[in-house]
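Colleague: Model the following, please.
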Amino acid sequence: MKELERLQSNYPYDSENHQMFVAIDTATTEDRKVIGFADIDDRPATRRIDPPRPYMSDLVVHADYRQQGIARTLIETCENLVQEKLSNDEMYIRVERDNVIAVQMYEKIEYIAQQHDIFGVED
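Modeller: Predicted structure coming up:
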């Protein structure tokens, strides 16, 4: 999961405004494997073009573990954090427009697509 390492090294994570949740396969105790993660960002916006907050991004599930509810559990974990800890009723999701499978999944769970200048721009 090189992407996890890249994200952790490039972005500051703190306990209040920017968190990452990691899904781990615990089937074997000696070889625990990261199988997914999601990032939730509620840091104060510093520029006018910053994305709306809080938002979830970088949701990924290892291909061997898809269609098992892991993505949904990660999304629900982020939603719960937003509602319970951040006292917010809305959570935005950052997803590339051309990621059709992800867009369809979010629409299926009743997220509404909105355009934003920063969303859809490659990092």
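
Colleague: Show me where this protein has its strands.
Modeller: Ranges of strands in the chain, per DSSP state E, are 18-25, 33-41, 55-61, 92-93.

Colleague: if we look at the last one, which residues are touching it?
Modeller: By that I understand strand 92-93. 51, 52, 53, 54, 55, 56, 57, 59, 106, 111, 114 (Cβ atoms under 8 Å, 6 or more residues apart in numbering). Using the backbone N, CA and C atoms, a C-beta is placed for each residue, glycine as well.

Colleague: The residues you listed, buried ones only, as a ChimeraX selection?
Modeller: Of the contacts of strand 92-93, the buried ones go into a single ChimeraX selection, burial set by 16 or more other Cβ atoms under 10 Å:
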select :51,53,54,55,56,57,59,106,111
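
Colleague: Closest one of the contacts of strand 92-93 to residue 39?
Modeller: Among the contacts of strand 92-93, residue 57 lies closest to residue 39 (Cβ to Cβ), at 5.2 Å.

Colleague: Show me what the closest one bridges to in the sheet.
Modeller: Counting by DSSP bridges, residue 57 forms beta bridges with residue 39.

Colleague: mind checking how far residue 46 is from residue 53?
Modeller: Separation of residue 46 from residue 53 (Cβ to Cβ, to the nearest Å): 11 Å.

Colleague: Same check on residue 19?
Modeller: The gap separating residue 19 from residue 53 is 13 Å, by Cβ to Cβ.

Colleague: Could you do residue 60 as well?
Modeller: Applying Cβ to Cβ to residue 60 and residue 53 gives a distance of 21 Å.

Colleague: same thing with residue 67?
Modeller: Distance of residue 67 to residue 53, given as Cβ to Cβ: 30 Å.

Colleague: Likewise for residue 21?
Modeller: With distances taken as Cβ to Cβ, residue 21 is found 17 Å from residue 53.

Colleague: same check, this time on residue 16
Modeller: 13 Å.

Colleague: average pLDDT across the longest helix anywhere in the chain?
Modeller: What stands out as the longest helix in the chain, according to DSSP state H, is helix 70-80. Regarding helix 70-80, the rounded mean pLDDT is 95.
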